[in-house]
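**Student:** Provided below for reference: sequence and predicted model.
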Amino acid sequence: MPILRITYHRGSLTDAQKVQLAEELTPVLLVGEIGRDNPEGRALTYILFHEMDPRSEWFVDGKPDLNAPKGGRFMLEVQYVEGASTQAEKSEVHSKFNDILARIINVDGTFPNRLTDWTIIDEVREGAWGAGGVTVGVRAANEALGGSPDRSEYFERFLAANQSVIETHGYPTQRS
């Protein structure tokens, strides 16, 4: 159930480039969350494009962004369920997204040349993602997306560690 929102300067992408980005980013997005690309996961992977006018909707230094670099600016915001990915997997998503975007918009995407293109991975806390009227956590997401079974070792340890913190520090789980 990964979601990717791509916000970009108006006119920076053609329709063909959007199709190419969606095709090339989808498998990276899925591997980052469930460890593999497959038809079940693709059917539940969303990529949404948001075009912004840099003169009236995108501001840098408190001013309209009239001096954007070649290709414009991009923000790629990923949402995964919490506990789905290790830091190494997130770093791989950052790297591959950057390489794909830079190639498609024909710019030098190397650091620090493109500090204008950001990939942000937000993890939706366990219990905060819902689909079909049901709360969906990392276990259910991995199953629904046809995720790699070997990922469960990581997320089960992650969930157990979170539960331990809650219990150790006496965080309430419900109202009295």
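**Tutor:** Structure received.

**Student:** need the contact list for the residue nearest the centre of the chain.
**Tutor:** Geometric centre of the chain, nearest residue: Val78, 1.5 Å, by Cα atoms, centre = their mean. Counting by Cβ atoms under 8 Å, 6 or more residues apart in numbering, Val78 makes contact with Pro2, Ile3, Leu4, Leu29, Gly32, Val93, Thr119, Ile120, Ile121, Asp122. Where you see a C-beta, it was placed from the backbone N, CA and C, and this is true even at glycine.

**Student:** So Asn142 lies in a helix, does it not?
**Tutor:** Yes: the assignment for Asn142 by DSSP: H, G, I helix; E, B strand; the rest coil puts it in a helix.

**Student:** any idea how far it is from Leu4?
**Tutor:** Noted for Asn142: a distance of 18 Å to Leu4, by Cβ to Cβ, to the nearest Å.

**Student:** Residues in contact with the helix or strand bottoming out on mean pLDDT in the chain: which ones?
**Tutor:** Within the chain, no helix or strand scores below helix 152-169, which has a mean of 88 by mean pLDDT, DSSP states H and E. Helix 152-169 is contacted by residues Glu82, Gly83, Ala84, Thr86, Glu126, Gly137, Val138, Arg139, Asn142, Tyr171, Thr173 when judged by Cβ under 8 Å, 6+ apart.

**Student:** Alpha carbons only: can I get that helix in PDB?
**Tutor:** Listed next in PDB are the C-alpha coordinates belonging to helix 152-169 (Å, rounded to 0.1, in the frame of the first residue of the first chain):
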ATOM      1  CA  SER A 152       8.600 -10.500   8.900                       C
ATOM      2  CA  GLU A 153      11.700 -11.200  11.100                       C
ATOM      3  CA  TYR A 154      12.600  -7.500  10.900                       C
ATOM      4  CA  PHE A 155       9.100  -6.100  11.500                       C
ATOM      5  CA  GLU A 156       8.200  -8.500  14.200                       C
ATOM      6  CA  ARG A 157      11.400  -7.500  16.100                       C
ATOM      7  CA  PHE A 158      10.400  -3.800  15.400                       C
ATOM      8  CA  LEU A 159       6.900  -4.300  16.700                       C
ATOM      9  CA  ALA A 160       8.200  -6.100  19.800                       C
ATOM     10  CA  ALA A 161      10.600  -3.300  20.600                       C
ATOM     11  CA  ASN A 162       7.900  -0.700  20.300                       C
ATOM     12  CA  GLN A 163       5.600  -2.800  22.600                       C
ATOM     13  CA  SER A 164       8.500  -3.100  25.100                       C
ATOM     14  CA  VAL A 165       9.000   0.700  25.200                       C
ATOM     15  CA  ILE A 166       5.200   1.200  25.800                       C
ATOM     16  CA  GLU A 167       5.200  -1.300  28.600                       C
ATOM     17  CA  THR A 168       8.600  -0.200  30.200                       C
ATOM     18  CA  HIS A 169       7.600   3.400  30.300                       C
END
